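*Asks:* Pasted the sequence and its predicted model underneath.
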Amino acid sequence: MANTNQRIDGKRLWDSLMSFAEIGATPRGGVRRLTLSDVDKRGRDKFRAECEALGLTVRVDAIGNMFARRAGRDPNRLPVLFGSHLDSQPSGGKFDGALGVIGGLEVMRSLNDMGIVTEAPLELINWTDEEGSRFGHSLMGSGVWSGVFTLDKAYGLTDTEGTTVADALDSIGYRGAEPAAPFKADAYFELHIEQGPILEREGQPIGVVLGAQGMVWYDVVATGQDSHAGTTPPSARKDALVCAARIIDLVDRLMRARGDDGRGTVGQLLVSPNSRNVVPGEVRFSVEFRHPVDAEVDGLDAEFPAAAQAIANACGVTLEVTTLFKLPAQPFDAACVDLVRQGAAKLGYGTREIVSGAGHDAVYVARHIPTAMIFTPCKDGLSHNEAESIEPEEAEAGCQVLFEAVVARANRSL
């Protein structure tokens, strides 16, 4: 690593990551910090306390996004933003989201240690409900903030017990007074684990993220006819599960036809009546496609419904395909991406340019503010899992690059 006198404290970063991981810790070494739960409140309260101990001013908006501001030398300059999320999957890992927030805290601590005042103000963000695991709508906080969907829509979402987002915010005291709407800012940086195997496989400590894939999501319902497994001959069967299985194979074939950049997944399958000796009469399942090139997503979106319908017709099954949403690929800002590249080069870290396969808050923020992301490797590419793991030196490297990019942007000549 190149010498620099502006170094974050890697041990302090790791100790802080482990301290936050105690909030909602699971017996298998992961975390369960469902958004807007009492456990999430404990994480938020700790985050707020640690920010305020550093002299940061914390404000909360109407969807619960938290913004911790450090004053700059020039109060008229637009702030440089950075952050991620503290909520987790039901059986999540210690680092997904948390690395970006706790890494941001370490940037603030290090600036205080060095007595550095940046020209532009800095704001560290904890976005609400990135995961979508409780209320079924991922990227909720950044989505409302960026105007992708309305605050009223978010407030009305419910969990499996019927609790609304509005009630959950009130119950933990995090329905803030600030409007949940975009404000002018100079840039946004997000540090995150890759959640995939590429960096580890290629031995590169830093991923320079060029943008995020486009995607289209569907809900599919195949409706056939329940019938006795022993008495219904092939000629009389309307087997919804056979239909679904052939469509799942279609999804896989469409993905593989697009090489290693293709993504096609059926992650949820609900079979009815789900009885051993009954031909299934209904199957509900999810389908999603992703690709870094919008034209490929458009092609999949044009090809899949018709091909799936042809399969259903051959099976004698009725098919309903509902498009949940379609998002274009989101390129990140070239100048911000270059600051990540330059920061890694200054420190002597190898890099790999990469397109994010997962959705992140940065994708929505990028619609309003110049944005870039920094990826660190994670063991075996595993995430959304209690076994999710990174090495202390990987966390330190990612945080140090975040520090370099944020400070360079905040001190740039206008």
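*Replies:* Good, I have the coordinates. Numbering: from 1, shown residues only.

*Asks:* Send me whichever strand or helix holds Gly343 as PDB with only the CA atoms.
*Replies:* Taking DSSP states H and E as the definition, one finds Gly343 inside helix 334-347. Written as PDB, here are the backbone C-alpha positions of helix 334-347 (Å, rounded to 0.1, in the frame of the first residue of the first chain):
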ATOM      1  CA  ALA A 334     -18.100   8.900 -14.400                       C
ATOM      2  CA  ALA A 335     -16.300  11.500 -12.300                       C
ATOM      3  CA  CYS A 336     -17.400   9.900  -9.000                       C
ATOM      4  CA  VAL A 337     -16.400   6.500 -10.300                       C
ATOM      5  CA  ASP A 338     -13.100   7.900 -11.200                       C
ATOM      6  CA  LEU A 339     -12.500   9.100  -7.700                       C
ATOM      7  CA  VAL A 340     -13.000   5.600  -6.500                       C
ATOM      8  CA  ARG A 341     -10.500   4.400  -9.100                       C
ATOM      9  CA  GLN A 342      -8.000   7.100  -8.200                       C
ATOM     10  CA  GLY A 343      -8.300   6.500  -4.400                       C
ATOM     11  CA  ALA A 344      -7.600   2.800  -4.900                       C
ATOM     12  CA  ALA A 345      -4.600   3.600  -7.100                       C
ATOM     13  CA  LYS A 346      -3.200   6.000  -4.600                       C
ATOM     14  CA  LEU A 347      -3.300   3.400  -1.900                       C
END
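
*Asks:* Next, the residues that contact stretch 323-335 from outside, please.
*Replies:* Contacts to stretch 323-335, defined as CB atoms under 8 Å, 6 or more residues apart in numbering, come from residues 187, 209-219, 291-294, 297, 301, 355, 359, 362-363, 366-367, 370-373. No exception for glycine: its C-beta is placed from N, CA and C like everyone else's.

*Asks:* ah, wrong one, I meant stretch 74-81
*Replies:* For stretch 74-81, using CB under 8 Å, 6+ apart, the contacting residues are 69, 72, 118-125, 184-189, 365, 369, 406, 409-410, 414.

*Asks:* Buried ones among the contacts of stretch 323-335?
*Replies:* Neighbour-count burial (16 or more other CB atoms under 10 Å) applied to these gives 187, 209-218, 291-292, 297, 355, 359, 362-363, 366, 370-373.

*Asks:* now, which of the contacts of stretch 74-81 lie within helices?
*Replies:* Among the contacts of stretch 74-81, DSSP state H puts 365, 406, 409-410 in helices.

*Asks:* Just the ones of the buried ones among the contacts of stretch 323-335 in strands?
*Replies:* 187, 209-212, 214-218, 291, 355, 371-373 (DSSP state E).

*Asks:* Touching, Ser37 and Arg134? I think so.
*Replies:* Yes - Ser37 is in contact with Arg134 according to CB atoms under 8 Å; the separation is 7.3 Å.

*Asks:* how about the ones in strands among the buried ones among the contacts of stretch 323-335, which pair is most distant?
*Replies:* Ala187 and Tyr218 (34.7 Å; CB to CB).

*Asks:* hmm, who's touching the host helix or strand of Ser171?
*Replies:* Using DSSP H and E, Ser171 sits in helix 165-172. With CB under 8 Å, 6+ apart as the test, helix 165-172 has contacts from 35-38, 40-41, 44, 63-64, 129, 135, 140, 154-159, 163, 175.

*Asks:* Run the chain-centre distance for it.
*Replies:* Averaging C-alpha positions (CA atoms, centre = their mean, to the nearest Å) puts helix 165-172 22 Å from its chain's average.

*Asks:* ok, now how distant is Leu199 from Pro377?
*Replies:* 4 Å (CB to CB, to the nearest Å).

*Asks:* list residues touching both of these two?
*Replies:* Contacts common to Leu199 and Pro377, judged by CB under 8 Å, 6+ apart, are 205, 207.

*Asks:* out of those two, which sits in the more crowded spot?
*Replies:* Each of Leu199 and Pro377 has its neighbours counted (other CB atoms under 10 Å); Pro377 has more, 26 against 23.

*Asks:* pretty sure the more buried one contacts Glu393?
*Replies:* No - Pro377 lies out of contact with Glu393 (CB under 8 Å); the separation is 10.4 Å.

*Asks:* any low-confidence regions in the protein?
*Replies:* 1-4 (pLDDT under 70).

*Asks:* Show me the helices in it, by range?
*Replies:* The residue ranges that make up the helices of the chain, judged by DSSP H, are 10-21, 38-53, 98-114, 140-145, 151-156, 165-172, 198-202, 240-256, 294-315, 334-347, 361-365, 392-410.
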